[in-house]
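>>> Any chance you can model this:
(one chain, ligands or ions: 2)
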Amino acid sequence: MTTNILIAGLGLIGGSIAKALVHQQDNYITGFDIDERTLRFAKEQHIIHEYDTDFEQLATKADIIMLAAPISITLSLLNKLDHYHFEKDVIITDVSSVKGVIMDTAKQLTNKRIAFIGGHPMAGSHKIGIHAAKEHLFENAIYVLSPAYNANDAIINRLKQTLLPLKSNFIILQPDEHDEMTAVVSHFPHLIASALVHQARSWEETHSYLPKLAAGGFRDITRIASSNPALWQDIFHHNQSKMAHLLKDWIKEMEYLYSLLIENDKNAMLAYLQQAKIYRDGLQVQHGALPSFYDLFVDIRDQPGAIAAVIQILADDGISISNIQILEIREGITGALRITVTTESAQQRAISILRKNGYEISLAA
Ligand SMILES: NC(=O)c1ccc[n+]([C@@H]2O[C@H](COP(=O)([O-])OP(=O)(O)OC[C@H]3O[C@@H](n4cnc5c(N)ncnc54)[C@H](O)[C@@H]3O)[C@@H](O)[C@H]2O)c1
Ligand SMILES: O=C(O)C(=O)CC1(C(=O)O)C=CC(O)C=C1
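Numbering: from 1, shown residues only. Ligands and ions are numbered 1, 2, ... in the order given. Purely as a prediction, here's the structure:
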């Protein structure tokens, strides 16, 4: 039997979900978006089967509705859906990064045809819109579900079954617990990344050469400051109290760090950095929201074909690369490639084969 799935908001997240679901024979994917170019692109690229600019038309034909717009829009779409006349039961879910406000709204729903299950796939990017959508975005990612309104186990299983092609790992979380944890490991880091960028920008006023010194470290830690500002303002707004709490904690942490620096306490600073490293290294190998990844650093010369040669050696050995980054290549001088693979054995094989081919390899930059 065909499942009619409406995706409202065909951006990075909605587009990625559509791409993963559209190839399932039994799915019929429809799309709704405020941006008609997005809808046309999605149809032309076979990311959806059909679109309409009339939300009600699409919604009342759907078996499953996925709300993948910014949070404030998702809230207003949810309120609209409550007033529609559905001739059959419908499962509604969302992908919003904050769950409390969504679940509070879902609890106010009165339409008996609706079952609502909150959702949040814990993967994404700093990129915006359907052009950045990727079929494999949610593979191995944690996908949080928070059942709220009219949702029994059979309905939850139906949704999970429909989302199986995403290859995510589902977990059930209460909204408050979800918002507390995502505030720590997702939302608050965005605030800090933006603050670091502001700090660099203001120092540039007196040190014009500063951007040229911003190498791998600054780029790594501030990548997420390039995310969609409107989307993140909306996330901060809807998780405001937890963000404020974390910022207070952070200020205390910075005061502690300030005291370590002022006292110039080498041992205490070493212990602080060591503890952070141990915890961070542990996160890399856990199976969770953070994918497992193993890095190796390859020294290369700045000359045409140098990167391709390294990739070819690994490809010939059947080693697939999950990420590659060029670090601090300066004109005519040796630089480094950071290559990321997903298993320890692939890392060991890559090191061995590249060393045999005369490359210098290290495990840290
Ligand atoms: N970006 C991430 O890394 C990430 C990860 C997980 C979850 N999320 C959540 O996913 C949701 C969407 O984020 P995104 O990154 O895909 O954003 P995006 O900007 O890439 O996509 C949002 C889409 O919603 C559409 N839209 C905006 N207003 C609309 C309206 N009134 N009606 C219909 N469509 C409308 C936009 O045109 C766009 O296509 C957000 O709720 C966000 O919290 C984001
Ligand atoms: O990779 C990124 O750029 C992201 O910000 C993805 C990220 C995160 O990890 O914080 C952002 C928002 C989410 O709701 C889930 C995932």
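
>>> Any residue of the helix or strand where His198 lies touching ligand 1?
In this assignment (DSSP states H and E), His198 forms part of helix 188-204. No: Helix 188-204 stays clear of ligand 1 (CB under 6 Å from any ligand atom), getting no nearer than 9.9 Å. The way it works is simple: take the backbone N, C-alpha and C, and place the C-beta from them, glycine included.

>>> is it true that Phe55 touches Asp33?
No: applying CB atoms under 8 Å, one finds Phe55 not in contact with Asp33, separated by 9.9 Å.

>>> Now list whatever residues contact both of those two.
Both Phe55 and Asp33 are contacted by Ala8, under the criterion CB atoms under 8 Å, 6 or more residues apart in numbering.

>>> Please say which of those two ends up with more neighbours.
Counted by other CB atoms under 10 Å, Phe55 and Asp33 do not tie: Asp33 has more neighbours, with 26 against 18.

>>> re the thing from before, which secondary structure elements does whichever helix or strand comes after the helix holding His198 contact?
Next along the chain after helix 188-204, taking DSSP H and E as the criterion, comes helix 210-213. Packed against helix 210-213 by the contact rule (3 or more CB pairs under 8 Å, 6 or more residues apart in numbering; DSSP states H and E) you find helix 188-204.

>>> and the helix it packs on, C-alpha only, in PDB?
Taking C-alpha atoms only, helix 188-204 is exported to PDB below (Å, rounded to 0.1, in the frame of the first residue of the first chain):
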ATOM      1  CA  PHE A 188      25.400  26.600  23.200                       C
ATOM      2  CA  PRO A 189      28.500  25.700  21.100                       C
ATOM      3  CA  HIS A 190      26.900  27.800  18.300                       C
ATOM      4  CA  LEU A 191      26.700  30.800  20.600                       C
ATOM      5  CA  ILE A 192      30.400  30.400  21.600                       C
ATOM      6  CA  ALA A 193      31.500  29.900  17.900                       C
ATOM      7  CA  SER A 194      29.800  33.200  17.000                       C
ATOM      8  CA  ALA A 195      31.400  34.900  20.100                       C
ATOM      9  CA  LEU A 196      34.900  33.700  19.000                       C
ATOM     10  CA  VAL A 197      34.300  35.200  15.500                       C
ATOM     11  CA  HIS A 198      33.200  38.500  17.000                       C
ATOM     12  CA  GLN A 199      36.400  38.500  19.100                       C
ATOM     13  CA  ALA A 200      38.600  37.900  16.100                       C
ATOM     14  CA  ARG A 201      36.700  40.600  14.100                       C
ATOM     15  CA  SER A 202      37.300  43.200  16.700                       C
ATOM     16  CA  TRP A 203      41.000  42.300  17.000                       C
ATOM     17  CA  GLU A 204      41.300  42.700  13.300                       C
END
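
>>> so how far is the lowest-mean-pLDDT helix or strand in the chain from its chain's centroid?
Of all helical and strand segments in the chain, the minimum by mean pLDDT, DSSP states H and E falls on strand 323-327, at a mean of 81. Relative to its chain's centre, strand 323-327 lies at 19 Å (CA atoms, centre = their mean, to the nearest Å).

>>> which other residues reach it?
So strand 323-327 is in contact with 215-216, 293, 297, 307, 311, 335-340, 365, going by CB under 8 Å, 6+ apart.

>>> This structure against ligand 1: which residues are in contact?
8-14, 32-35, 38, 68-71, 73-74, 95-97, 121, 124-125, 128-129, 228, 231, 235.

>>> Apply 5 Å and report the result again.
By the rule CB under 5 Å from any ligand atom, the part of the chain lying against ligand 1 is 9, 11-13, 33-35, 38, 69, 71, 73, 95-97, 124, 128-129.

>>> These, buried ones only, as a PyMOL selection?
Command for PyMOL that selects the buried part of the residues of the chain next to ligand 1, burial taken from 16 or more other CB atoms under 10 Å:
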select buried, resi 9+11+12+13+33+38+69+71+73+95+96+97+124+129
